[in-house]
Structures are given as structure tokens and as C-alpha cells.
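**Q** Need coordinates for the below:
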Amino acid sequence: MPHGGAQFTNVAEAKRMLRHEVFVRRRGTSLSMSMQAGEQCAQIACEAGLFQSPSRIIACHVSMGTEISTIPLLSIALGCGYTVLVPKMGADLDLGWGVLRSLDDLLRLHVPDEVAVDRMEPSLFPHAQTRRPGEPEGQTYPPEALQMCSTVIVPALLVNPAGVRLGRGAAWYDRALRFAGPQADLMAMCWPWEFVDAPLPCEEHDVRMNAVLTPRGFTRLGSTGPTRAHTDDPSCDSPAGEPDE
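**A** Predicted coordinates for the structure are as follows:
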């Protein structure tokens, strides 16, 4: 994982190496861990007031592979009466948005078999730019739809207190997040050990986060430093056999 004071002379190569390390470590996770972590994230999000916004519109990714499950979070949002936007990829890899309308749609979108793909190809993840999460049927709204959202939740492989986020490499979310409103919470969701207090490689197109959600807590990032709300449950601290770093 990144070390303090690291200098990235080749940003693309540094990102590739970090992705390799992340997927190797994620092999210690399981589908049950993903669901449990998702339930913890959903509870923490409720306690942090995520579902108290007057806008009543949020956007959130549909989890895939070894990501923390977003099923509990999306389920709560639907149950609270929110309009929930989820990604819909265009043919040219531009990111549009579809409306998730029901729990049936939510369960249909979840594809547990994709967990194995992240474990089988952890080093270079060659299909990162072509693999897609489940998408709802119906109308596809343009990237500008994100302007209506009070909160936008996206997956992260790594994120640091400066808001630098490392994704899978397709730049889907970096392109989409440029359409978010200036007051929106841009929230990275990741495993606890992927929220790192260290430099991360960053390019001009990379959009910085202003909040982080893990099974250990919610952290709001800002110029005065991160503000954390943690849970004491250590059950999702690290995959089996992996020490915390």
C-alpha cells in the first residue's frame, strides 16, 4: 500500500501497482463479509443523516465483484421514499443514470458470481474498462441528472484524507462527478483498510471526494481535516489472515 512521502514519477504505473495490491488483499473477503459490511455502512449512513436531505434524490453505484454490497444502502433509500439514481453505461463508456424503482430491480441487479472475477484476475484487472455493474431497465438520463442529487456514492479501491480516490481505471465516475452540484456530498465507499493516511497518485481528471463511508465509520473530509464518526465493531477491519496496516 502507499507510503507517506511517496513520489509518483509515473502516475499511471503507480495506479496500476496499487490496484494490483488492492485486489490481492480483497481475495481475503467473501460474499458474506461484503453483505455484512454493506449492512454496517447502511446503518452508519443513517446515523450520519444521509437520509435526511430535503432533496430526496441520491445517486449510488450498484456493487459488483469484491466491493462492499450496496444492497442494504439502496434498500433503505428506497424504503425512505428517495429517488435513487444508479449508473447506466453508454456504448462509449459515458456514464448516464437510471432510476432504481423497486427492491425487485435491486435484487435483479446484484450479481454475486462477479465476486470470483476480482479474485481470479487481481493483478492487472484487464477488464476494468469493459465490465459493468447491473443496470435497471427504462429511460437513461444524461450525466447532468447528477445535479439534482444531494449525495453521490461511488466505489473506491483506495481513498485518502485529501479526498484523492483510486478507482478501477475506466474513469467512469470521474467523468460523471463533474456534473454533481457544488453542495453535493461526493462519498467514496470502501473497505476500512482502503481508507489510507498516505499520498495517492492523482491526475488532472481525478475528482476529489469530500466524504468517506466504510463499515467502521463515516468521515467528512474538509480543509480543517477529516471529521470522523466511528463504530467500535471490529468485524470488518481486515480480511481473514490479513493484518491491519
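**Q** Tell me how far the most centrally placed residue in the chain lies from residue 171.
**A** Per Cα atoms, centre = their mean, the C-alpha nearest to the average position across the chain is that of residue 155, at 1.4 Å. According to Cβ to Cβ, to the nearest Å, residue 155 and residue 171 sit 13 Å apart. All C-beta spots, glycine's among them, are computed from the backbone N, C-alpha and C.
**Q** Hmm, the residue nearest to the centre of the chain is touching residue 165, no?
**A** No: Residue 155 is beyond contact range of residue 165, at 9.1 Å (criterion: Cβ atoms under 8 Å).
**Q** Overlap of the contact sets of those two?
**A** Here residue 155 and residue 165 have residue 188 as joint contacts, going by Cβ atoms under 8 Å, 6 or more residues apart in numbering.
**Q** just to revisit the earlier point, from residue 25, how far off is the residue nearest to the centre of the chain?
**A** Distance check for residue 155 against residue 25: by Cβ to Cβ, it reads 15 Å.
**Q** ok, now residue 194?
**A** Residue 194 is 8 Å from residue 25, by Cβ to Cβ.
**Q** Same question for residue 176.
**A** Going from residue 176 to residue 25 by Cβ to Cβ gives 27 Å.
**Q** re earlier: write down the beta-bridge partners of the residue nearest to the centre of the chain, one by one.
**A** Residue 155 has these beta-bridge partners by DSSP bridges: residue 189.
**Q** In contact with the closest residue to residue 67 other than its chain neighbours, which residues?
**A** Closest residue in space to residue 67, ignoring its immediate chain neighbours: residue 155 at 5.0 Å, by Cβ to Cβ, 6 or more residues apart in numbering. For residue 155, the contact set (Cβ under 8 Å, 6+ apart) comprises 61, 63, 67, 68, 167, 168, 173, 188, 189, 190.
**Q** Find the nearest non-adjacent residue to residue 76, please.
**A** Closest residue in space to residue 76, ignoring its immediate chain neighbours: residue 42 at 5.3 Å, by Cβ to Cβ, 6+ apart.
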